[in-house]
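Visitor: okay, predicted coordinates and the sequence, questions at the end:
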Amino acid sequence: MPATAERCPCLIGGKWMDVDAARTVDVWNPSTGETIAQTPMCTGADVDRAVQAALKAFPSWRETPIVDRARMMFKFHSLLLANADDIARIVSREHGKTFNESKASVARGIEMVEYACSLPALIYGDVMHNIAPGVDSETIRYPLGICAGITPFNFPAMVPLWMYPIAITCGNCFILKPSPRVPLSSIRIAELLVESGVPEGVFSMVHGDKECVDAILKHPDIRAVSFVGSTPIAKYIYETGAAHGKRVQAAGGAKNHIIVMPDAEITPAVSGLLSSAFGCSGERCMAGSLAVAVGDRADEVVDRLVDSAKKIVVGRTDMQNDVTMGPVISRQHAESVRGHIDTAEKEGARIAVDGRGVAPSNAPNGFYVGPTVVDHVSPEMRIGREEVFGPVLSVARVKTLEDAIDLGNKCPFGNGAVIFTQSGRAAREFKHRFNAGMIGINVGVPAPMAWFPFTGWNQSFFGDLHIQGKEGMQFYTQQRMIMTRWFEPEHVDAHDPVWRPGH
Ligand code: NAD
């Protein structure tokens, strides 16, 4: 480990601090395999310190007019725009995305801040005059109190920004626990939030693993938990958080199907498949990891995929060069992805493009798997069922759209699904009947923009209100209904200038 590897600070009560953690986890540059930082594993006591700071800050933050809270977000937005390239470089260094992918992910995060700036126009309640004779009724939204967010490694800048800009603008205090594998982007962005004027204790950041997460889930003063990560942990977070009386939204893993109908425009379909499967090295919950070729054009689709996949340039993304695909997050994860390909081969699939041996010559210790295309995959095979979360595109061949929809029904996940077709009727059938919450029609990655919710279904989401959009605002607020009646005074002084009967 180079002597310069920094130990990541926590932000508690408005102060950056080095917590006295007994355990740390290394942060790597996946392009080279070097250790670039160390993440301290916080304890329950650290979480409690952040909660106490939030409890102190909440009463006055709750009463701060929402327009002032939104103004702070406008400042944050300007700082994010001015520093977007620097943040993207940090994302590339700690995560391994290409610079362009990192920039795009930062831009999507900034859109969430834009959405948060618009909350004053969305958060107001409803009023009904004369809901009964002389009775009016209204609803008002209030912040919940202290909310927490637990985020995955794959979008170090964007996913935390799905959460706290909305939560804080709604008047809550927020504690972020980023993935210990990629804490550096979150730290840089939090520095900008502090520069924007966020009051002490309104936003805190702790680091850690299960011990820290359990302390969040069980803390009696935390009201709501947002989680994004793998399905088994999402389920655990939902069940444990709910058992401790918390509101929980927990987004999990995925296996996204991309249906290619025989009438599809083949060039955009293949290009959509490639970017969906191999963009961000396949480490996306919306990655199209299973192409379903319908009818008699499967050979043509596979041939085109194979040609294009072979042209992808895999290499270091920390040097801003011409690479089009970077490494995966860790050595262990690269081994797991290769293990999926090995098993697929043993189970009878055909490896049409094999990325198992790919290793750029200038990065012998980086964590690489090249683009891989696995043909003749069936739903019984492990690769046809499980999330691989790497640059591996499986291809299943079916006869009809009905078969493709049936395949979707067998899938336990339900994040995204896409159809490439020129038939409105096929698209309509697919849109209404496919077993997934986010649908693309001739769109490779239907990841919703900030204004729309991230509507995963089945094992891809646990909870009721999804992340982003109006549901995000609803998640971080509670409504109060107020019913009002004013009685006619029994004795009215006809000369009282304030109350003059009949007027
Ligand atoms: P992960 O589940 O391993 O980790 C996510 C978070 O949970 C991290 O902060 C981690 O520290 C914490 N964690 C890990 N193990 C824990 C445990 N036993 N108890 C408590 N907390 C624990 O996920 P990851 O590997 O960081 O991210 C990849 C996964 O995230 C993929 O499955 C991907 O599909 C999913 N993801 C989903 C979405 C979505 O919107 N549905 C978006 C991005 C990523």
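Guide: Alright, I've got the coordinates.

Visitor: so what's the residue positioned nearest the centre of the chain closest to, chain neighbours aside?
Guide: When CA atoms, centre = their mean is applied to the chain, the residue found nearest the centroid is Val159 (4.1 Å). Of all residues not flanking Val159 in the chain, Thr151 sits nearest, at 4.6 Å (CB to CB, 6 or more residues apart in numbering). The way it works is simple: take the backbone N, C-alpha and C, and place the C-beta from them, glycine included.

Visitor: report the contact partners of the one you found.
Guide: The contact partners of Thr151, by CB atoms under 8 Å, 6 or more residues apart in numbering, come to Val159, Pro160, Met163, Leu176, Lys177, Pro178, Ser179, Ser186, Phe227, Val228, Gly229.

Visitor: got it, and Arg382?
Guide: The contact partners of Arg382, by CB under 8 Å, 6+ apart, come to His340, Thr343, Ala344, Glu347.

Visitor: ok, those vs Val306, which is closest?
Guide: The closest of these to Val306 turns out to be Ala344 (CB to CB; 15.8 Å).

Visitor: now that closest one: closest residue in space, sequence neighbours ignored.
Guide: Distance criterion CB to CB, 6+ apart; nearest residue to Ala344, sequence neighbours excluded, is Ile383 at 4.0 Å.

Visitor: ok, that neighbour - how many residues close by?
Guide: Using other CB atoms under 10 Å, Ile383 is surrounded by 23 other residues.

Visitor: before we move on, the earlier item: now name the helix or strand holding the residue nearest to the centre of the chain.
Guide: Per DSSP states H and E: Val159 is located in helix 158-169.

Visitor: can you check Leu80 too?
Guide: Assigned by DSSP H and E, Leu80 falls within helix 66-82.

Visitor: what's the answer for Ile90, then?
Guide: Assigned by DSSP H and E, Ile90 falls in helix 84-95.

Visitor: quick check: Arg93 touching Asp318?
Guide: Yes. Judged on CB atoms under 8 Å, Arg93 makes contact with Asp318 at a distance of 5.0 Å.

Visitor: quickly list what's touching both of the two.
Guide: Common neighbours of Arg93 and Asp318 (CB under 8 Å, 6+ apart) are Asn29, Ser31.

Visitor: so where's this protein uncertain?
Guide: Where the chain drops to pLDDT under 70, the residues are 1-5, 320, 492, 494, 497, 499-503.

Visitor: contact residues of it facing the ligand?
Guide: When proximity is defined by CB under 6 Å from any ligand atom, the chain lies next to the ligand at 150-154, 159, 177, 179-180, 209-210, 213, 228-230, 233, 251-254, 285, 387, 389, 415, 454, 456, 460.

Visitor: show me the domain layout of this structure.
Guide: Listed domain ranges for the chain are 6-253+456-483, 256-441 (source: automatic domain parsing).

Visitor: Leu119 - nearest residue in space that isn't next to it in sequence?
Guide: Thr169 (4.7 Å).

Visitor: how close does Met112 get to the ligand?
Guide: Note on Met112: its distance to the ligand, by CB to the nearest ligand atom, to the nearest Å, is 13 Å.

Visitor: any idea how far that residue is from Leu55?
Guide: Going from Met112 to Leu55 by CB to CB, to the nearest Å gives 26 Å.

Visitor: which one's more surrounded, the two?
Guide: Taking other CB under 10 Å, Met112 and Leu55 do not tie; Met112 has more neighbours (27 against 14).

Visitor: distance check, the nearest residue to Gly295 once chain neighbours are set aside against Leu144.
Guide: Spatial nearest neighbour of Gly295, excluding adjacent residues (CB to CB, 6+ apart): Pro262 at 3.6 Å. As judged by CB to CB, Pro262 and Leu144 stand 50 Å apart.

Visitor: neighbour count for these two, which is higher?
Guide: Leu144 (21 against 18).

Visitor: quick check on the more buried one: phi, psi?
Guide: The phi/psi pair for Leu144 (degrees, to the nearest 10) reads phi -80, psi -40.

Visitor: you'd agree it is up against Val225?
Guide: No. Leu144 is not in contact with Val225 according to CB under 8 Å; the separation is 10.8 Å.

Visitor: identify the contacts common to those two.
Guide: Counting by CB under 8 Å, 6+ apart, the common neighbours of Leu144 and Val225 are Arg247.

Visitor: residues in a beta bridge with the residue in the stretch 1-150 of the chain that the ligand sits nearest to, which ones?
Guide: In the stretch 1-150 of the chain, the residue found nearest to the ligand is Ile150; the distance is 4.8 Å by CB to the nearest ligand atom. Note on Ile150: beta-bridge partners Lys177, Phe227, judged by DSSP bridges.

Visitor: what's the burial count for it?
Guide: Neighbour count of Ile150, defined by other CB under 10 Å: 27.

Visitor: go on, Lys235?
Guide: For Lys235, the neighbour count with other CB under 10 Å is 14.

Visitor: OK, contacts around it?
Guide: Applying CB under 8 Å, 6+ apart to Lys235 gives the contacts Ala250, Gly252, Gln459, Phe462.

Visitor: from the ligand, how far out is Pro489?
Guide: From Pro489 over to the ligand the distance is 58 Å, taken as CB to the nearest ligand atom.

Visitor: next one: Val418
Guide: Using CB to the nearest ligand atom, Val418 is found at 16 Å from the ligand.

Visitor: hmm, that residue is touching Met438, no?
Guide: No. Between Val418 and Met438 there is no contact under CB under 8 Å: 9.2 Å.
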